[in-house]
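In: Next comes the sequence, and after it the predicted model I'd like to discuss.
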Amino acid sequence: MRRGREPEPDAWSLPAGLVRPGETAEETAIRETEEETGIRVAIQALLGVYDLIGPGYHYVVICFRCVPLGGQLRPGPDVEEARWFSLDELGEVELMSVTREALEDAGLLSGPSCQVAHPQPSSGARGAHPHRPPGACPWTRHP
């Protein structure tokens, strides 16, 4: 989905939003995905925890591996555009930095500098890692 506002207004991202009082991170992910895209999902596993830091903000982004259960794809009220992408298309699309990082950790994208094939993380993979520069490989120390 594309929000059309900061941070990274022209980039595509995964659904995201603020946790409501009394709501778990998992409940938030399910609710926000349906609100922003019209798609109902079930969570399979925690993918990772990421920092999105910019001028005047610091978001902690918790990403889950999910499967769609149903619904009709449509942009929600605070979303400019919502659509599905093939894995091939994802490599060519401008993605939010944190979205690219999560998709790399999920094994769905290779980092721009990484030419090494890596195993996909297990369903219990924590994915949370120290901040790394854009393009750095999440699997080893090579750039």
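Out: Sure thing, it's come through. Numbers count the residues shown, from 1 in each chain.

In: quick one: residue 102 and residue 56, what's the gap?
Out: 23 Å (C-beta to C-beta, to the nearest Å). From N, CA and C alone the C-beta is placed, and that goes for glycine too.

In: which of those two has more neighbours?
Out: A side-by-side neighbour count of residue 102 and residue 56, using other C-beta atoms under 10 Å, places residue 102 first with 25 against 7.

In: can I assume the more buried one sits in a helix?
Out: Yes: Residue 102: assigned to a helix according to DSSP: H, G, I helix; E, B strand; the rest coil.

In: Might you report the residue contacts of it?
Out: Contacts for residue 102 (C-beta atoms under 8 Å, 6 or more residues apart in numbering) come out as 14, 47, 48, 50, 61, 63, 127.

In: Spatially nearest residue to it (excluding sequence neighbours)?
Out: residue 63 (4.3 Å; C-beta to C-beta, 6 or more residues apart in numbering).

In: on that earlier part again, show me the contacts of residue 102 that map onto strands.
Out: Taking DSSP state E, the ones among the contacts of residue 102 that sit in strands are 47, 48, 50, 61, 63.

In: list the buried ones in stretch 43-62?
Out: 43, 46, 47, 48, 50, 52, 61, 62 (16 or more other C-beta atoms under 10 Å).

In: By mean pLDDT, point me to the weakest helix or strand of this structure.
Out: Counting by mean pLDDT, DSSP states H and E, the weakest-scoring helix or strand in the chain turns out to be helix 87-90, with a mean of 88.

In: to the chain's geometric centre, what's the distance from it?
Out: Centroid separation for helix 87-90 versus its chain: 14 Å, with C-alpha atoms, centre = their mean, to the nearest Å.

In: Before I go, just wanted to say thanks for your time.
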